[in-house]
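Student: below: sequence and its predicted model.
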Amino acid sequence: MVSDILVASNRGPVSYALREADGGLEARRGGGGLVSGLSAIGPDAGAVWVCAALGEGDREAVRRGVSEPGVRMLDIDALAGEGTHAAAYNGIANSVLWFVHHMLYQTPLEPVFDAEFRRRWEAYRAYNRAFAEALAAEAAPGAAVLIQDYHLALAPGMLRELRPDLRIGHFSHTPWAPPDYFGMLPDDIARELLNGMLGADRLGFLTRRWAEAFTACCARAVGGTGTTEVGVHGLGADAGFLRARSREADVEERMATLREQIGGADRKTVIRVDRTELSKNIVRGLLAYRELLAGWPEWRERVVHIAFAYPSRQDLEVYRRYTAEVSRLAEEINAEYGTETWTPVLLHVKDDFARSLAAYRLADVALVNPIRDGMNLVAKEVPVVSDEGCALVLSREAGAHEELGADAVTVNPYDVTGTARALHEALSMPPADRADRTKRLAAAATALPPQRWFLDQLEALRGGTAG
Ligand SMILES: O=P(O)(O)OC[C@H]1O[C@H](O[C@H]2O[C@H](CO)[C@@H](O)[C@H](O)[C@H]2O)[C@H](O)[C@@H](O)[C@@H]1O
Ligand SMILES: O=c1ccn([C@@H]2O[C@H](COP(=O)(O)OP(=O)(O)O)[C@@H](O)[C@H]2O)c(=O)[nH]1
């Protein structure tokens, strides 16, 4: 199969689970914002989406030749050697590059760039090469290839060598680290990474801030960005899809269940929906909620915090520890403040998109307080779906803050007391003000819908109007 438009990313639009009962394969929607954004494009665009097999179910699907239209899954371990995917995805992408861009290291102890790191880097190269080779084989002459994210930073340069005829784009869904922080990477690795990306004709970022940080890193480490164009495309929410999906029966059912769990009809709700991800700052969010109950006792019995923290990157020990800490803290708050008739925190850890939409619809306040976040689509989805208006408490370090800051209650994510105060302010917002702000937030959140976001990049890459 040769195609004129290719998309490449680690996580694809579906993943497969093996059914224990009969050994059959069950397809599920992939999680996270990259998939939410790109799925909206759909197979109608004529694009082929090349992605990695992420678990045993996916690998079995590749072996059995099971696939979805327009999706081509790569079994990286079969192509590049057993263990390559885990070493590249867990060992480099998520525990080095993600940590650098989100500035997550606790620097007295980490990072340590030693011989083990170099071995994992080899695997990261092999993983990128497997993608580059698959893309080179699938692409029609002169095709446009849009490579996604930090997992695939080397693929643009490798693909350029294999197929100089292609138009190659790369898009970063994460923040980009400022030069002083990026400078922690060994110099040769930093240069290899930047030069790999600069193999693309065009690089895209979610905000001007991340694009400028990238350009500054290039200026320092490799003397500039050369002929590669750098553009900004602020991925927005898909209003049509979200509004229709959030009115379906399964969402209504979940709203009823949530209302039961909340208790009293006049109780207010503060919601959050995230992967259990270090950068999402869930622990400080819970600490802030506890300070709200301590410092503004009038909210006791009158508010419930619904926290959806669905599993993410559980192969990494630091994520497992973080997940346990989130549960421990939620239990502690419930033990400290809960009564016979009131559970202050409802923590749910199972990935359930319909339930998330139900929470979006009924929330009074949404808490989005990441330490750093490329965009944060949850902040954009809530105002689109909300039934009666929802106040948004938003970290100034989320990419979404550039577009939504004017109508949100802004917080410094490290300032727990400030976040507690912001929650109080948001809960106290007069309903008319809240509804007006929600309308403006929804308009800003949908300014660049995913389909447009994708087509703008495609046009710019093919030499049309730059975004
Ligand atoms: O694939 P995972 O390891 O499970 O992680 C999920 C995704 O997380 C990151 O998403 C980012 O993309 C969003 C859309 O542009 C953006 O709103 C958000 O701020 C980012 O965190 C990651 O960049 C993706 O590659 C992952 O698939
Ligand atoms: O149970 C859920 C809850 C949410 N989401 C979606 O996951 C995405 C999270 O994207 P965001 O940009 O906020 O953060 P990321 O997880 O990509 O860092 C949003 O589109 C959510 O609607 C999901 O797939 N399953």
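Tutor: Perfect, I can see it now. Numbering: from 1, shown residues only. Ligands and ions are numbered 1, 2, ... in the order given.

Student: the residue nearest to residue 360 when sequence neighbours are not counted and ligand 1, how far apart?
Tutor: Sequence neighbours aside, residue 385 is the residue nearest to residue 360 in space, at 4.2 Å (criterion: Cβ to Cβ, 6 or more residues apart in numbering). No exception for glycine: its C-beta is placed from N, CA and C like everyone else's. Using Cβ to the nearest ligand atom, to the nearest Å, residue 385 is found at 16 Å from ligand 1.

Student: hang on, residue 385 packs against residue 362?
Tutor: No. At 9.9 Å, residue 385 does not count as touching residue 362 under the criterion of Cβ atoms under 8 Å.

Student: can I get the CA coordinates of the lowest-mean-pLDDT helix or strand in the chain in CSV?
Tutor: Least confident element among the helices and strands of the chain, by mean pLDDT, DSSP states H and E: helix 33-39 (a mean of 86). Extracted C-alpha coordinates of helix 33-39, given in CSV (Å, rounded to 0.1, in the frame of the first residue of the first chain):
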residue,chain,number,x,y,z
GLY,A,33,-4.7,14.0,23.9
LEU,A,34,-2.6,13.1,20.8
VAL,A,35,-5.1,10.4,19.9
SER,A,36,-8.1,12.6,20.7
GLY,A,37,-6.7,15.2,18.3
LEU,A,38,-5.7,12.9,15.5
SER,A,39,-8.6,10.6,15.6
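
Student: need the residues that contact it.
Tutor: 7, 9, 11-13, 29-30, 49, 148-149, 173, 235, 238, 374-377, 450, 453-454 (Cβ atoms under 8 Å, 6 or more residues apart in numbering).

Student: check contacts around the closest residue in space to residue 458 that isn't next to it in sequence.
Tutor: In this structure, residue 458 finds its nearest non-sequential neighbour in residue 144, 5.8 Å apart by Cβ to Cβ, 6+ apart. By Cβ under 8 Å, 6+ apart, the contact list for residue 144 reads 4, 5, 6, 166, 167, 169, 458, 461, 462.

Student: next, residue 144: secondary structure please.
Tutor: The three-state label for residue 144, taken from DSSP: H, G, I helix; E, B strand; the rest coil, comes out as strand.

Student: tell me how far the closest residue to ligand 2 within the stretch 51-200 of the chain lies from residue 159.
Tutor: Proximity of the stretch 51-200 of the chain to ligand 2 (Cβ to the nearest ligand atom) peaks at residue 173, 6.9 Å away. As judged by Cβ to Cβ, to the nearest Å, residue 173 and residue 159 stand 19 Å apart.

Student: comparing the two, which residue is more hemmed in?
Tutor: Relative neighbour count places residue 159 above the other of residue 173 and residue 159, with 30 against 24, counting by other Cβ atoms under 10 Å.

Student: for that one, helix, strand, or coil?
Tutor: Residue 159 is classified as helix under three-state DSSP.

Student: what does residue 290 give?
Tutor: helix.

Student: and it, how many neighbours does it have?
Tutor: Counted with other Cβ under 10 Å, residue 290 comes out at 21.

Student: contact partners for it?
Tutor: 329, 333, 336, 337.

Student: in which helix or strand would I find the second one?
Tutor: I take that to be residue 333. Taking DSSP states H and E as the criterion, residue 333 maps to helix 317-337.

Student: buried ones in that helix, by neighbour count?
Tutor: 319, 322, 323, 326, 329, 330, 333, 334, 337 (16 or more other Cβ atoms under 10 Å).

Student: for it, which helices and strands make contact with it?
Tutor: Using 3 or more Cβ pairs under 8 Å, 6 or more residues apart in numbering; DSSP states H and E, the elements in contact with helix 317-337 are helix 282-295, strand 303-310, strand 345-348.

Student: now do that helix: distance to the chain's middle.
Tutor: The chain centre lies 22 Å from the centre of helix 317-337; the measure is Cα atoms, centre = their mean, to the nearest Å.

Student: give me the mean pLDDT for it.
Tutor: What helix 317-337 shows for mean pLDDT is 98.

Student: briefly note if that helix comes near ligand 2.
Tutor: No. Figure legend: helix 317-337 not in contact with ligand 2 (Cβ under 6 Å from any ligand atom); closest approach 12.7 Å.

Student: low pLDDT regions in the chain?
Tutor: Where the chain drops to pLDDT under 70, the residues are 1, 42-44, 464-467.

Student: can you name the residue of it nearest ligand 2?
Tutor: Closest point on the chain to ligand 2, by Cβ to the nearest ligand atom, is residue 33, at 2.5 Å.
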